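Colleague: Give me a model of this one.
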Amino acid sequence: MPKLETLIDTERSAVLTMEIQRGVVGDLASIPALQKTVAESGIIPNTAKLLAAARARGVRVVHCTAAFRRDRAGSFHNVPMVNALLANPDYLVSGSAEAELVPELGPEPDDLVTERFHGMSPFTSTSLDAWLRSSGITTVIATGVSLNVGILGLSIEAINRGYHVVIPADCVAGHPRDYGELVLENSLRQLTKLTTSDEIVAAWSS
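Modeller: Predicted coordinates:
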């Protein structure tokens with residue numbers, strides 16, 4: 001694995017946020033336990049700090065969000081966890097307040113937002129891969145939720161497409177919190193470069 005400074009070269013890296021949305025982890029969250037874990041872990045302010053540093057240095061920021069049409073067109077009922085949430089007809093409806101990013105993260109005018117209507121991670125049936133490749137990106141810096149599913153899926157999909165993956169451990173979370181930490185240590189450490197937001201900012205500054 002190349003050194004961190006090489007991996008996160010400002011012209012070849014992008015920061016991805018994963019489902020850091022009001023209806024997922026913010027003030028309108030449908031899973032209170034995950035919202036509590038996120039609040040306790042500090043990933044929202046840590047990620048906001050990382051995004052500010054990225055934008056200041058011209059690093060691409062892409063927000064990967066989940067949403068559903070009210071008629072559920074384009075979405076499958078093949079995941080028990082999601083099926084239970086979809087029993088609420090207002091859950092994460094595209095264009096609603098619940099589907100918005102938490103306000104601390106933007107989006108800023110130069111950010112990209114890719115919205116998906118099915119699946120558990122952001123590369124399938126979205127413009128994400130094309131946006132990254134067209135910008136010459138070779139490393140993705142993954143932030144958000146959850147370590148149990150979404151961040152793990154994002155990382156594997158990115159690796160399958162030839163990207164390096166860097167994960168700032170203070171910008172990701174899962175519930176239960178101790179299980180999320182086990183995923184970091186026993187799965188993602190074997191696949192990605194684990195670091196912190198401070199280390200990334202310091203590398204960009206140098």
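Colleague: Next, I167: phi, psi?
Modeller: phi -120, psi 110 (degrees, to the nearest 10).
Colleague: Tell me, what's the model's pLDDT at V165?
Modeller: pLDDT recorded at V165 is 98.
Colleague: ok, now L128?
Modeller: 97.
Colleague: count of neighbours near it?
Modeller: Neighbour count for L128, taken as other CB atoms under 10 Å: 24. C-beta: built from backbone N, CA, C; applies to glycine.
Colleague: Is the closest residue to it other than its chain neighbours in a helix, a strand, or coil?
Modeller: Nearest residue to L128, sequence neighbours excluded (CB to CB, 6 or more residues apart in numbering): T114, at 4.9 Å. Recorded secondary structure, T114: strand (DSSP: H, G, I helix; E, B strand; the rest coil).
Colleague: How much space separates T114 from L50?
Modeller: 19 Å (CB to CB, to the nearest Å).
Colleague: again, but for T124
Modeller: From T124 to L50 the distance is 25 Å (CB to CB).
Colleague: which of the two has more neighbours?
Modeller: Between T124 and L50, counted using other CB under 10 Å, the more crowded position is L50 (27 against 13).
Colleague: wait, that one sits on D198?
Modeller: No: here L50 lies out of contact with D198, judged by CB atoms under 8 Å, at a distance of 9.1 Å.
Colleague: Could you tell me which residues touch both of these two?
Modeller: Counting by CB atoms under 8 Å, 6 or more residues apart in numbering, L50 and D198 have no contacts in common.
Colleague: returning to that earlier point: quick one: contacts for the residue nearest to L128?
Modeller: Contacts here follow CB under 8 Å, 6+ apart; on that basis T114 touches V62, H63, C64, T65, P122, T126, S127, L128, W131.
Colleague: The second one: what secondary structure?
Modeller: Under the three-state scheme (three-state DSSP), the conformation of H63 reads as strand.
Colleague: who touches it in this structure?
Modeller: Residues in contact with H63 (CB under 8 Å, 6+ apart) are L16, T17, I20, L101, L105, G106, P107, D111, L112, V113, T114.
Colleague: okay, G58: pLDDT?
Modeller: 97.
Colleague: what's the helix or strand for it?
Modeller: Counting by DSSP states H and E, no helix or strand carries G58.
Colleague: ok, how many other residues are close to it?
Modeller: That count, for G58 with other CB under 10 Å as the rule, works out to 9.
Colleague: so it touches D9, yeah?
Modeller: No: shown here, G58 and D9 do not form a contact pair, counting by CB under 8 Å, at 11.2 Å.
Colleague: mind checking how far the residue nearest to L128 is from L132?
Modeller: Here T114 is placed at a distance of 10 Å from L132 (CB to CB).
Colleague: Likewise for A99?
Modeller: 22 Å.
Colleague: So for those two, which sits in the more crowded spot?
Modeller: Legend: neighbour count by other CB under 10 Å for A99 and L132, higher for L132 (23 against 20).
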